[in-house]
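Participant: Can you look at this prediction? I've put the sequence above it.
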Protein chains: 4
Amino acid sequence: MVRIGILGGAGYTAGELLRILVNHPDADIVFVNSSSNAGNMITDVHEGLLGETNMCFTDSMPFEAVDVVFFCFGHGKSKQFIEENKIPDNVKIIDLAQDFRLKAPGNDYIYGLPEINRAEIAKAEHVANPGCFATCIQLGLLPAAKMGLITEDVTVNAITGSTGAGQKPVGTTHFSWRSGNMSIYKAFEHQHVPEIKQGLRQLQGHLDAEIDFIPYRGDFARGIFATLVVKTDVPVDDIVAGYKEFYADEPFTHYSDKPINLKQVVNTNKALVHCEKHGNKLLVTSCIDNLLKGASGQAVQNMNIMFGLDEKSGLRLKGSGF
Amino acid sequence: MVRIGILGGAGYTAGELLRILVNHPDADIVFVNSSSNAGNMITDVHEGLLGETNMCFTDSMPFEAVDVVFFCFGHGKSKQFIEENKIPDNVKIIDLAQDFRLKAPGNDYIYGLPEINRAEIAKAEHVANPGCFATCIQLGLLPAAKMGLITEDVTVNAITGSTGAGQKPVGTTHFSWRSGNMSIYKAFEHQHVPEIKQGLRQLQGHLDAEIDFIPYRGDFARGIFATLVVKTDVPVDDIVAGYKEFYADEPFTHYSDKPINLKQVVNTNKALVHCEKHGNKLLVTSCIDNLLKGASGQAVQNMNIMFGLDEKSGLRLKGSGF
Amino acid sequence: MVRIGILGGAGYTAGELLRILVNHPDADIVFVNSSSNAGNMITDVHEGLLGETNMCFTDSMPFEAVDVVFFCFGHGKSKQFIEENKIPDNVKIIDLAQDFRLKAPGNDYIYGLPEINRAEIAKAEHVANPGCFATCIQLGLLPAAKMGLITEDVTVNAITGSTGAGQKPVGTTHFSWRSGNMSIYKAFEHQHVPEIKQGLRQLQGHLDAEIDFIPYRGDFARGIFATLVVKTDVPVDDIVAGYKEFYADEPFTHYSDKPINLKQVVNTNKALVHCEKHGNKLLVTSCIDNLLKGASGQAVQNMNIMFGLDEKSGLRLKGSGF
Amino acid sequence: MVRIGILGGAGYTAGELLRILVNHPDADIVFVNSSSNAGNMITDVHEGLLGETNMCFTDSMPFEAVDVVFFCFGHGKSKQFIEENKIPDNVKIIDLAQDFRLKAPGNDYIYGLPEINRAEIAKAEHVANPGCFATCIQLGLLPAAKMGLITEDVTVNAITGSTGAGQKPVGTTHFSWRSGNMSIYKAFEHQHVPEIKQGLRQLQGHLDAEIDFIPYRGDFARGIFATLVVKTDVPVDDIVAGYKEFYADEPFTHYSDKPINLKQVVNTNKALVHCEKHGNKLLVTSCIDNLLKGASGQAVQNMNIMFGLDEKSGLRLKGSGF
């Protein structure tokens, strides 16, 4: 059994992590820390867990009793936490925030996208779990990068569910505003673009192209659906063959011969990818559940890899379907 | 032209009032006061009005320049405002809050439900606009009350859209929580029950029955759909005849021979009512748009009556249909 | 391993059954029959299973190779199928339709509600899986029946998701009509009332009260949320104690001390029940996922019981939460 | 009063037309023809009109009694109808289908986009009402075309509501499938691209660029939200100035200085357009209500122009806001 501590336990990603881990056959949740909710029942916050756990949030962090901690803090707080707290060397860390995703001198965190870093993750002490958009977009583009196809600016349009905006109620997550609505934000300036480029460069080497990314606020709670357009003269059959080969052995990421839709992946750790070609434009569609393959599901996948467990352990999730 | 001032201009009911009044042929919006937004464009808050008005919110309240003011404050603030401010006697008041809805010594506000108080509203200086649930439920029950049918406790279940919860984002209006969700609140204790009973008593005289009202939070933005069950041995044909007669001349409230659904009234000032009988149980369904017939639309209807205008002026609204 | 055959494999309940069974540790899906889809990939219809199964629908029904068959036919077709086909005596049957739910001479099907029939189910060869509304409403009322509280007509209002209406697109499941809409159907005449009464009578004995059930079409895909009002003078503490005791050992049905909301159970096999008292009116709220505890999840729960498996096997489902 | 006949009266666009015209001060609806619904109440089909009209669908088409007919047929049937029926020369035609939108020898229909063809529409006997996507996308690109900016392939992503898919229930408009879902269709091959190019060429002359259009099925009932990316070195201030000038006098199409969202236009005849520049990429967002500015609203706007009425007559619609 992997003994687990969770920090920042009251947010969305922690809740999703708990919903996975309470049923994980090889996981033992030792503590769930939340400074703002210490002493309260976990089900007071993550109310869907009623009947599945009687644990309370703690204000203590008994690191000596765990094998791994998940950082479910808001962005920027992971770094701060590590500076202010001593975590024993033998405790592995999986950080769900963006603090350690970009390679930098002194950053020993492995970027936790198993599709490109599985071997490194298996040996890692510290893993930086990828961003939700970054996961969906990279999984759509990585096989193209491996084939060296990304030579011109890539057009990316991706729509995210409201859970991507976090737990705090704000104007753009008010039901009255968001239901039946559609809008964009941070166009061409989203913070996930650097990690996307870093991932593509890992496979293609030199990358002299922009990722022109327009994020949309979707009228749904869960998931990301992306379209990606790459200019290339390579025949579609070769491209599809490359994509299929790339994902042939992946447990969660699959190439679909048919057009895909978001609900195929909602409430699963799966990613689906589909390609079609129109003239010299390759159109890739990809989709994930932003809270699972885009956050807590991938974090557990990384944990499984880090601890030598079956990679699918605890992640054979029934898709919602509807 | 009726010259209009609006107080509390940044909330949902004020926004809906403005969306109506900008196209009202007999209305002249003189000022829209909002202490928190003074100086800002109205379209900064009520963004859907872009292209329809260039007005700004004011911090002044030039009562001398208006014929009527609409109070769009939160509940409780209307009373306080009147105590602290002098409104000229020749300026009529329509209060959208609940402060003056219940008859009490010294309260000269007429309860603004035209279906029972049209003549009094026409002569009124001050009108208390009914609550949204109270409107929907009374319109479903008033003809029964007139026939004296309400002799046992009435079962009321009514589902409201998220706009009924106001503009401030909170947990239960967070899109991630509310979409695809269903819940109840304030069961048997909703604050609209007293005004419902007051209205029923006006027609039936003695009322010795409870209104057992369960309000539901609906997974939609606009509207209220209610079911009301009354025990009675009166034959259904007589009841339907009574309902039809009661609403025969109403401009906005209609009896439907067929079962009704909420979208028939969304974005209109209409109320629909339908009756069926099962054994000795009369089942009435009624529905309104909570922001229109349940708030700002009815407020304009009252204004039209108070100023001798065509009652439908400005309220011939295209229903959204979908 | 329990060897499984599924008949009527292209509908919603079969799809949900498959989404459960592909991850069930003790289940082996031998064939999925669908006359209309024979030869097609299962993922052509249940597209969310992509990456989880490569099976095709069959037109054969090799009963000799299975231990249990699930009937996922439309209502009325199970009876017809049994008349026209010979199923070996050693093959157990779980029927998801309503054909055998009501006790009748010659009907050897056990009503598959484990909360009241666990022992009989364990010995049963044939199980009639309860209806979705019937499950949600009975679970809300059974402890009251056990306490003998149901002496006057019970008011039931219950809202169902669109998946309750089946797979065939019709007017009332058209997105343009249903989104943001609310309506009722079959008020006081729903076909599940007889099985509800049968269940209540099993615990209370004589039942001389009506179940006044108003079903609503909800603006969501999954789930049923019900309110149930019972007149009683028994103190609320005694009632709550009775409810808690009744469900104390249940693996999926839980009493909640706090008010409940539908999303607590969506995508799980759980049922939640909560009680509050207002005067002499007991208000019970209950909710389930209509496709899981209301259909395929409960069917698997019954299978687990029939074959002596851990009752939760394959049913430790991650709730969608959002 | 303009006397009006409507053909194909049972579909979505006819319903929306009726919802507008029942309140149009200068319109007299003479007949609403529907072969499939002849004799039925209009409110049997367009149920939201209850209380607003008592008309029935006709099987007759008394063209001599009308000044204009609206064709609300499915695509392809307008041409067929005209071949098989004689419409008097003095009766104007507004065709909402795509049959006559593209210029061709013998096609005397004026393309009914007032923003570029107002003068021609005013003199026209026959008008081809633009497509919904075509309207939204052209209104986003036309000022750029006028400035001659479209020299490279334009990236268009546009999301449409379910009403765009018509009234007939199909799999992709089933609520269970579409709610919370996202998908694309007809990528790079949508039938509106030729009319978009035709409109752009009208302003820019030579157009040697593709419109790379990806349409999305949105999880909402009404509206189209589009993003359009044009490569250009022209400074953003000049571009914005050009856009503002282009739409300065338009009654329904407005340039917004702030980012836009779909709900600003839902249930109105408005189009909103906003520009921002990122490097050498001009990002235009535009949105409309697909049933109004994208269909029936624009049809009435065209009627108003053709008959010399106030262009906004009958089209001062209260936006739904929520």
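Facilitator: Perfect, thanks for sending it.

Participant: Spell out which residues of the stretch 1-150 of chain A are next to chain B.
Facilitator: residue A:12 (C-beta under 8 Å from any C-beta of the partner chain). Where you see a C-beta, it was placed from the backbone N, CA and C, and this is true even at glycine.

Participant: Please list the residues of the stretch 151-300 of chain A that sit near chain B.
Facilitator: Residues of the stretch 151-300 of chain A lying near chain B (C-beta under 8 Å from any C-beta): A:161-163, A:165, A:167, A:169-171, A:173-176, A:178-180, A:220-221.

Participant: List the residues that contact the residue in the stretch 151-300 of chain A that chain B sits nearest to.
Facilitator: Of all residues in the stretch 151-300 of chain A, the one sitting closest to chain B is residue A:169 (3.6 Å; C-beta to the nearest C-beta). The contact partners of residue A:169, by C-beta atoms under 8 Å, 6 or more residues apart in numbering or on different chains, come to B:169-171, B:173-174.

Participant: Roughly how far does it sit from chain C?
Facilitator: Separation of residue A:169 from chain C (C-beta to the nearest C-beta, to the nearest Å): 14 Å.

Participant: what about that residue, is that helix, strand or coil?
Facilitator: coil (DSSP: H, G, I helix; E, B strand; the rest coil).

Participant: For chain A, which segments count as helices?
Facilitator: Shown for chain A, the helices assigned by DSSP state H span residues A:12-21, A:42-45, A:77-84, A:114-123, A:132-146, A:175-178, A:193-204, A:236-247, A:297-306.

Participant: Now look at the last one and say if it contacts chain C.
Facilitator: In this case it means helix A:297-306. No. With C-beta under 8 Å from any C-beta as the criterion, chain C is not reached by helix A:297-306; the gap is at least 9.2 Å.

Participant: which helices and strands does that helix pack with?
Facilitator: helix A:12-21, strand A:68-71, strand A:92-95, helix A:114-123 (3 or more C-beta pairs under 8 Å, 6 or more residues apart in numbering or on different chains; DSSP states H and E).

Participant: rerun that using 6 Å as the cut-off
Facilitator: strand A:92-95, helix A:114-123 (3 or more C-beta pairs under 6 Å, 6 or more residues apart in numbering or on different chains; DSSP states H and E).

Participant: tell me the most buried of those?
Facilitator: strand A:92-95 (a mean of 24; mean count of other C-beta atoms under 10 Å in any protein chain shown).

Participant: what lines up beside that strand in the sheet?
Facilitator: Strand A:92-95 pairs in its sheet with strand A:68-71 (parallel), strand A:126-128 (parallel), by DSSP bridges.

Participant: Tell me the gap between that strand and the middle of its chain.
Facilitator: Distance of strand A:92-95 from the chain centroid (C-alpha atoms, centre = their mean, to the nearest Å) equals 14 Å.

Participant: contacts for that strand?
Facilitator: Strand A:92-95 has contacts (C-beta atoms under 6 Å, 6 or more residues apart in numbering or on different chains) with A:68-71, A:78, A:125-129, A:299, A:302, A:306.

Participant: Give me the mean pLDDT for that strand.
Facilitator: Averaging pLDDT along strand A:92-95 gives 98.

Participant: And the pLDDT at the closest residue to the residue of the stretch 151-300 of chain A closest to chain B other than its chain neighbours?
Facilitator: Residue nearest to residue A:169 in three dimensions, not counting chain neighbours: residue B:169, with 3.6 Å by C-beta to C-beta, 6 or more residues apart in numbering or on different chains. Here the pLDDT value assigned to residue B:169 is 94.

Participant: quick one, phi/psi of residue B:169?
Facilitator: When read as degrees, to the nearest 10, the backbone of residue B:169 gives phi -70, psi 130.

Participant: Return the distance of it relative to residue A:172.
Facilitator: 9 Å (C-beta to C-beta, to the nearest Å).

Participant: same check, this time on residue A:34
Facilitator: In this structure, residue A:34 and residue A:172 are 25 Å apart, going by C-beta to C-beta.

Participant: of these two, who's got more company?
Facilitator: residue A:34 (22 against 16; other C-beta atoms under 10 Å in any protein chain shown).

Participant: so that one sits right up against residue A:7, yeah?
Facilitator: No. In this structure residue A:34 lies outside contact range of residue A:7 using C-beta atoms under 6 Å: 8.3 Å.

Participant: what's the overlap in contacts for these two?
Facilitator: Counting by C-beta under 6 Å, 6+ apart, nothing touches both residue A:34 and residue A:7.

Participant: how does chain A divide into domains?
Facilitator: A:2-130+A:293-306, A:132-290 (automatic domain parsing).

Participant: As a check, name the ranges of all strands in the stretch 151-300 of chain A.
Facilitator: Residue ranges of the strands in the stretch 151-300 of chain A, as given by DSSP state E, counting those that start in this stretch, are A:154-160, A:183-184, A:211-217, A:224-231, A:253-255, A:271-278, A:281-288.

Participant: any chance of these in JSON lines, with mean pLDDT and mean neighbour count too?
Facilitator: Below are the strands of the stretch 151-300 of chain A laid out as JSON lines (pLDDT from 0 to 100; neighbours: other C-beta atoms under 10 Å in any protein chain shown):
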{"stretch": "strand A:154-160", "mean pLDDT": "98", "mean neighbour count": "26"}
{"stretch": "strand A:183-184", "mean pLDDT": "98", "mean neighbour count": "21"}
{"stretch": "strand A:211-217", "mean pLDDT": "98", "mean neighbour count": "22"}
{"stretch": "strand A:224-231", "mean pLDDT": "98", "mean neighbour count": "25"}
{"stretch": "strand A:253-255", "mean pLDDT": "98", "mean neighbour count": "22"}
{"stretch": "strand A:271-278", "mean pLDDT": "98", "mean neighbour count": "22"}
{"stretch": "strand A:281-288", "mean pLDDT": "98", "mean neighbour count": "25"}
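
Participant: can you tell which of the domains of chain A is closest to residue B:29?
Facilitator: domain A:132-290 (23.2 Å; C-beta to C-beta).

Participant: circling back: could you identify the buried members of the contacts of residue A:169?
Facilitator: Buried members of these, scored by 16 or more other C-beta atoms under 10 Å in any protein chain shown, are B:169, B:173-174.

Participant: between those residues, which is closest to chain A?
Facilitator: Of the buried ones among the contacts of residue A:169, the one sitting nearest to chain A (C-beta to the nearest C-beta) turns out to be residue B:169, at 3.6 Å.

Participant: can you pull the buried residues of stretch A:132-149?
Facilitator: In stretch A:132-149, counting by 16+ other C-beta under 10 Å, buried: A:132-147, A:149.

Participant: That stretch vs chain D: in contact?
Facilitator: No. Stretch A:132-149 does not reach chain D (C-beta under 6 Å from any C-beta of the partner chain); its nearest approach is 11.7 Å.

Participant: now stretch A:227-239
Facilitator: Yes. Residues of stretch A:227-239 are located near chain D by C-beta under 6 Å from any C-beta, namely residue A:227.
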